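> Using only what follows, build the 3D model:
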Amino acid sequence: MSERNDFGAFLAGLIVGGAIGAILGLLYAPQSGEETRTMLREKTTEIREKAATSSEEARRKAEEALKELRARVEELSQVVQERLGEVKEQGSIVLEETTKRLRRKGDAAEEAQAES
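Residues are numbered from 1 along each chain as shown. Below you'll find the model as predicted:
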């Protein structure tokens, strides 16, 4: 999960750093105001496109991770259900054996009492 957090932090840093660098570069460039505004519009459009591409990629990766997680949960659920069935079966066997032993002891106790 930390890989996804690291990716998100990296992506945010990349976008913010790129935007700041582009703005500073344009502000200190020896160009006319009109040229600078044109470049700002172009860079803004470029940054928006990169952000849209990056967010789409992040969404796709999140969907893949969710799909994988659902598959793992389903697999784990099946394993748990199988093991639960095994435990129930073993519990039934133990209960049945214990019941038989108690009946035999009860029968023996009744016979001993009847003989006395």
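> Low-confidence stretches in this structure?
Residues of the chain that meet the criterion pLDDT under 70 lie in 1-5, 26, 29, 31, 116.
> And for residue 36, the neighbour number?
15 (other Cβ atoms under 10 Å). All C-beta atoms are positioned from the backbone trio N, CA, C, and that covers glycine.
> just how off-centre is the host helix or strand of it within its chain?
Applying DSSP states H and E as the criterion places residue 36 in helix 33-115. Computed by Cα atoms, centre = their mean, to the nearest Å, the chain-centroid distance of helix 33-115 equals 10 Å.
> which strands and helices sit next to it?
In terms of contacts (3 or more Cβ pairs under 8 Å, 6 or more residues apart in numbering; DSSP states H and E), helix 33-115 is packed against helix 2-27.
> ok and the helix it packs on relative to helix 33-115, angle-wise?
Using axes from the mean of the first three to the mean of the last three Cα atoms, to 10 degrees, the direction of helix 2-27 lies 170 degrees away from that of helix 33-115.
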